[in-house]
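# show me the folded form of this:
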Amino acid sequence: MTPGLPMPVPAPGLPARVRIHEVGARDGLQNEQTVIPTEIKAEFVRRLAAAGLDTVEATSFVHPKWVPQLADAERLIPAVRDLAPEVRLPVLVPNERGLDRALTLGADRIAVFGSATESFAKANLNRTVDEALAMFAPVVARAKEAGAHVRGYLSMCFGDPWEGPVPVPQVVRVCRALLDQGCDELSLGDTIGVATPGHVTALLTALNEAGVATDVLGVHFHDTYGQALANTLAALQHGVTTVDASAGGLGGCPYAKSATGNLATEDLVWMLRGLGIETGVDLERLTATSVWMAERLGRPSPSRTVRALSASLGSPDSLDSHKE
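Numbers count the residues shown, from 1 in each chain. Sure thing, here's the model as predicted:
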């Protein structure tokens, strides 16, 4: 075993394997102040895939006016399409026009992005929660007709910067509505990072009681208050096996000003590796990828694991070539 890597010590009651839904290329880069060149984004996706991540959310088909950082979706997808089907390449679509653009490029994994709260639905989509659900219905239906897998993102599942703590039944209602429309899986978002483990367990339990199976649920935690890994462990103990994370901790939320970055994929892999949970991810190679991207962004990665491993294992080049 490489010095500086955790010794696997399995804990009872946890899944044997976790699928990491990597969001750095979309959720991470969409919050950058400057536009990253398409060729750098494509290389980022390729490096993430080479590190063993089999689900890499590539881009979003939101109107360029709203997310100019992802205006190159039509150029990016052809540049990485050859990675499929070994690597899943989900894309976010906001409406039917976005779906048309995605399907034209052969996208077969679609995501819609809703809110559990009225305030955030208004800020993000300029609609009420129910109006947003009505907008998603034909998107989900048409995507399913085209044979695509559909993921439903639900933001503000635990707290909202305008409304405060979000009642569990309110979240359950919107989750149930998205599943009833035909979504194959849901990602429960702690958009401003206020969740704690007990709250996570309470929401997952309530969803089960409402007929939502654990195996269609993923979790998406932000680390604003340092709770992302603790919340992830609570979800794993409940049986969740899909966890969203962002390489190097890239990303945040442009509509929630207090939100810091996503859970760093490297920090997640470190914990899972220590618990003896398989992910298929080469931690050293992933760390090298985040160091590489941080250099192109002109700032260090916020991930503690990236900083520690890059210091102990050497340069990005040696990290990238290192094998256990």
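
# next SSE after the host helix or strand of residue 177?
Of the helices and strands defined by DSSP states H and E, residue 177 is found in helix 168-181. Per DSSP H and E, the first helix or strand lying C-terminal to helix 168-181 is strand 185-190.

# which strands and helices sit next to that next one?
Applying 3 or more C-beta pairs under 8 Å, 6 or more residues apart in numbering; DSSP states H and E, one finds that strand 185-190 contacts strand 149-155, helix 168-181, strand 217-221, strand 242-245. In short, each C-beta sits where N, CA and C put it, glycine included.

# average pLDDT across the third one?
Translated: strand 217-221. Taken as a whole, strand 217-221 has an average pLDDT of 98.

# also the second one?
Along helix 168-181, the predicted local confidence has a mean pLDDT of 98.

# the closest residue to residue 6 other than its chain neighbours: what's it in contact with?
Once flanking residues are discounted, residue 6 sits nearest to residue 274: 3.6 Å by C-beta to C-beta, 6 or more residues apart in numbering. Applying C-beta atoms under 8 Å, 6 or more residues apart in numbering to residue 274 gives the contacts 6-9.

# now the buried members of the residues you listed.
Buried members of these, scored by 16 or more other C-beta atoms under 10 Å, are residue 6.

# most widely separated two among the contacts of residue 274?
Greatest spacing in those, by C-beta to C-beta: 6 and 9 (8.2 Å).

# just checking, what packs against the strand or helix carrying residue 203?
Secondary structure assignment for residue 203, by DSSP H and E: helix 197-209. With contacts taken as 3+ C-beta pairs under 8 Å, 6+ apart, helix 197-209 sits against helix 168-181, strand 217-221, helix 228-238.

# at 7 Å instead, please
helix 168-181, helix 228-238 (3 or more C-beta pairs under 7 Å, 6 or more residues apart in numbering; DSSP states H and E).

# and the strands in the stretch 51-200 of the chain, which stretches?
59-60, 91-92, 109-115, 149-155, 159-160, 164-165, 185-190 (DSSP state E, counting those that start in this stretch).

# could I get the buried residue list for stretch 138-149?
139-140, 142-144, 148-149.

# how many neighbouring residues does residue 163 have?
15 (other C-beta atoms under 10 Å).

# where in this protein is pLDDT low?
Scanning the chain with the threshold set as pLDDT under 70 gives 1-4, 252-260, 313-324.

# for the residue nearest to residue 108 when sequence neighbours are not counted, give me its contacts.
Spatial nearest neighbour of residue 108, excluding adjacent residues (C-beta to C-beta, 6+ apart): residue 148 at 5.1 Å. Counting by C-beta atoms under 7 Å, 6 or more residues apart in numbering, residue 148 touches 107-110.

# can you say which of the strands of the stretch 51-200 of the chain is packed in most?
Most buried of the strands of the stretch 51-200 of the chain, by mean neighbour count (mean count of other C-beta atoms under 10 Å): strand 59-60, with a mean of 27.

# residues in contact with it?
25-26, 30, 67, 70, 73, 76-77, 91-92.

# go on, stretch 238-250?
With C-beta under 7 Å, 6+ apart, stretch 238-250 has contacts from 15, 17-24, 27-29, 48, 185, 187, 201, 204, 214, 217-220, 232, 261-265, 268, 286, 289-290, 293-294, 301-303, 306.
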